[in-house]
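Student: For reference, the sequence and a predicted model appear below.
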Amino acid sequence: MVSILFEGFVLGLSTGFYCLTTCLPALVPYLLSEGGKLWGANFAIFLEFLAGRFIAYFLFAVVSTLIGVAYKPYLPGWLAPFAMLLTALTMLAFLFSSRSGPSGNRCFLPVSPFFKRIPLALGFMTGINICPPFMAAFVRLVNMADITAGLFYFTGFFTATSIFMLPAIAPTPFINERLKNTGRMTLFIAGVWYLIFGLKWLLLV
Amino acid sequence: MNIFNVFNRGTVNKPGRSVLNDGSGLMPALVFSAAVLLPVAFFSRRISGGELHSAYPLVWALFTASAAFFIFYTGRVSFYRRLFFSGMALSFLVHFKMSLLSKVFASSCFKDTPYCHVAIAPSFFNYLYQQYLALMSGDWRLWGPLSLAFLWLFFTLVIGRAWCSWACFYGGIDDGLSALPKKPLIKAGFLSGKFRDFPAALLIFLLLVSLSYMLPVYCLWLCPFKLTTAFLDPDDGFIRKIQLALMLFALAALLAGPLLTKKRTFCSFLCPFGAWQAFWGRINPFRVAVKPDECSACSACFDACPMCAIKAGNDGRPVISDYCNLCGECLAACPGGILRYSIFGIKFKENKKGFGRMLNPESFLVFSALITGGVVGALFAPAAFKDIFDLIRGGLR
């Protein structure tokens, strides 16, 4: 099992940069808009995001192993675009429900406790957005068709790809109110971007 | 009668001119313009190489030097800067964009190379490495467009944020158009607080998403100058319609926005490079400084700033943000003349007469900015003159 864990880790290390560029457009605007002066608080956000990803990877490990067992190399085509659409809607809903949106200290919508867990949700949804490294891991798991091995493999993959995201929290203690406002605008642009592509790919399915 | 008096009406502190000019000194102005002429003529000639007759770069150098002369002689920094700046932008349009309409225009190594440091983020490091190799090759003429990042670094050190008002070959269009209406039809001041950082948000997003998708996202989605060039990707459905809509929006911000608001709407609210330059421009020493004790908080500078870069402080007096690009509009608009160009905000004893004016921060800025703008313009302006000359002589073929 150690060799399987290591195999996933090596795949994550070799392809982590690509993973990073897929997840950063969701993570960075959120960190900018909601990060604080304390490293600890920002690290908690970061860990929450990673936890969301881990849950997504965990589920994928189980699902892809089951698919492998059933010899059905099939995933519903709408899953990735739907996740992207959901990511967009979560980002926009968070933005317009946040206490201090870009148009001042107004509250557009009542703040739901759900949105306090948004890094977890964002992490989960970006986790199930299928990127090429993820696809490579998925194919390997279908071939292995072993749930335990799958979990070890994705744990290694997850750990290695997470290393690439660590620099994202480096500048967060320097965030001031102005940068937070800029972060909210970035969150809005990124939300619209995910929305456009989620809709487009859903229409194509 | 001095023939140049036509450009030098009035006295100091009159709106439209620098307070540092008392109207004296034809000779200092000539010397100043000659100091600008020589390097611009040299670089224009070198850049044009054997492609163009030497008259074309000389004409461009004389145009730049004449801007230097009138700025120094009349003290009207922003007015003559704008003539130079808009002229340069128009020549860029003529040579790079209008050339698609006809074969009469000369080709250039830059013609089909829409490089942009912001939009091509995925290839940025490769881009820098290639420029390093080009630099090490020893012959700067071989660098070509791949050297733009090194040039950017150099220009940022020399003029910093002034790039956006003195040397950007796109900004001149926005700037020129914003000067045309006498009064704004729409007051855009309300945007300056809440959305002035939107270009920074756009920059962060573009860097992230360009890296993710390995595409020049700004060029594809927003750049208004795409109007005369092809889309890079083959998509022709849903996405293309959105890209077209955004391009038209950006075009409206570039052309209609300044005419309606008297502000540089595209540069202020949509240009990510402006935000980039505002950030890195801090390493450059030139600033616009205020003498707060003498300010009457009349707000003339807020209204005059085409970049929405001046905000009112708690006491109503101006606070100049990082987005100031040293265009000089506020200096000209201030009735008390309390705004000055400065170096790192340090107060210098300023000379108001003769050759001594050359040692003022304003002269250093104008000198640096005009040479920078002149050299950048030399990449296309002489060729644009040739294009126009060929057009007049031979018509569209």
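Tutor: Here it is on my side, so go on.

Student: Check whether residue B:287 sits in a helix, strand or coil.
Tutor: Secondary structure, DSSP: H, G, I helix; E, B strand; the rest coil: residue B:287 is strand.

Student: Quick one: neighbours of it, just the number.
Tutor: Residues lying near residue B:287 (other Cβ atoms under 10 Å in any protein chain shown) number 22. (Glycine included, C-beta is placed from N, CA and C.)

Student: Tell me the bridge partners for it.
Tutor: Beta bridges link residue B:287 to residue B:342 when assigned by DSSP bridges.

Student: ok now do it, which residues does it touch?
Tutor: Shown in contact with residue B:287 (Cβ atoms under 8 Å, 6 or more residues apart in numbering or on different chains): B:320, B:324, B:326, B:341, B:342, B:343, B:344, B:345.

Student: of the residues you listed, buried ones?
Tutor: Among those, the ones that count as buried by 16 or more other Cβ atoms under 10 Å in any protein chain shown are B:320, B:324, B:326, B:341, B:342, B:343.

Student: ok, the closest residue to the third one other than its chain neighbours to chain A distance?
Tutor: The one in question is residue B:326. Spatial nearest neighbour of residue B:326, chain neighbours left out: residue B:162 (4.2 Å); criterion: Cβ to Cβ, 6 or more residues apart in numbering or on different chains. Note on residue B:162: its distance to chain A, by Cβ to the nearest Cβ, to the nearest Å, is 23 Å.

Student: Wait, residue B:162 touches residue B:286, no?
Tutor: Yes. Assessed by Cβ atoms under 8 Å, residue B:162 is found in contact with residue B:286 at 6.3 Å.

Student: what's the overlap in contacts for these two?
Tutor: Common contact partners of residue B:162 and residue B:286 (Cβ under 8 Å, 6+ apart): B:326, B:365, B:368.

Student: looking at this, the second one is in a helix?
Tutor: To tie it back to what came earlier, the one meant is residue B:365. Yes. Assessed with three-state DSSP, residue B:365 lies in a helix.

Student: So what does the closest residue to chain B within chain A have for phi and psi?
Tutor: Minimum separation of chain A from chain B (Cβ to the nearest Cβ) falls at residue A:185, amounting to 3.5 Å. Here is the backbone geometry of residue A:185 (degrees, to the nearest 10): phi -70, psi -40.

Student: Grab the nearest non-local neighbour of it.
Tutor: Distances taken as Cβ to Cβ, 6+ apart put residue B:201 closest to residue A:185, at 3.5 Å, once the chain neighbours are dropped.

Student: Would you check that that neighbour makes contact with residue A:179?
Tutor: No. Between residue B:201 and residue A:179 no contact is recorded; they are 9.9 Å apart, counting by Cβ under 8 Å.

Student: who's more crowded, those two?
Tutor: Using other Cβ under 10 Å, the more surrounded residue of residue B:201 and residue A:179 is residue B:201, with 27 against 20.

Student: Please identify which helix or strand holds that one.
Tutor: helix B:198-213 (DSSP states H and E).

Student: Ok, residue B:311 next?
Tutor: Using DSSP H and E, residue B:311 falls within strand B:310-312.

Student: go on, residue A:85?
Tutor: According to DSSP H and E, residue A:85 maps onto helix A:79-97.

Student: confidence score at residue A:97?
Tutor: As predicted, residue A:97 sits at a pLDDT of 71.

Student: make that residue B:37, sorry
Tutor: Value listed for residue B:37 in the pLDDT field: 96.

Student: so what's it closest to, chain neighbours aside?
Tutor: Closest to residue B:37 by Cβ to Cβ, 6+ apart is residue B:65, at 3.6 Å.

Student: immediately after the helix or strand of chain A with the lowest mean pLDDT, which helix or strand?
Tutor: Among the helices and strands of chain A, helix A:132-144 carries the lowest confidence by mean pLDDT, DSSP states H and E, at a mean of 73. Next in sequence after helix A:132-144, counting helices and strands by DSSP H and E, comes helix A:147-165.

Student: Which elements pack onto that following helix?
Tutor: Contact analysis of helix A:147-165 by 3 or more Cβ pairs under 8 Å, 6 or more residues apart in numbering or on different chains; DSSP states H and E lists helix A:2-34, helix A:39-70, helix A:132-144 as its packing neighbours.

Student: just the shared contacts of residue B:162 and residue B:286 now: which is nearest chain A?
Tutor: Out of those, the member with the shortest distance to chain A (by Cβ to the nearest Cβ) is residue B:326, at 21.6 Å.

Student: That concludes my questions; thank you for your assistance.
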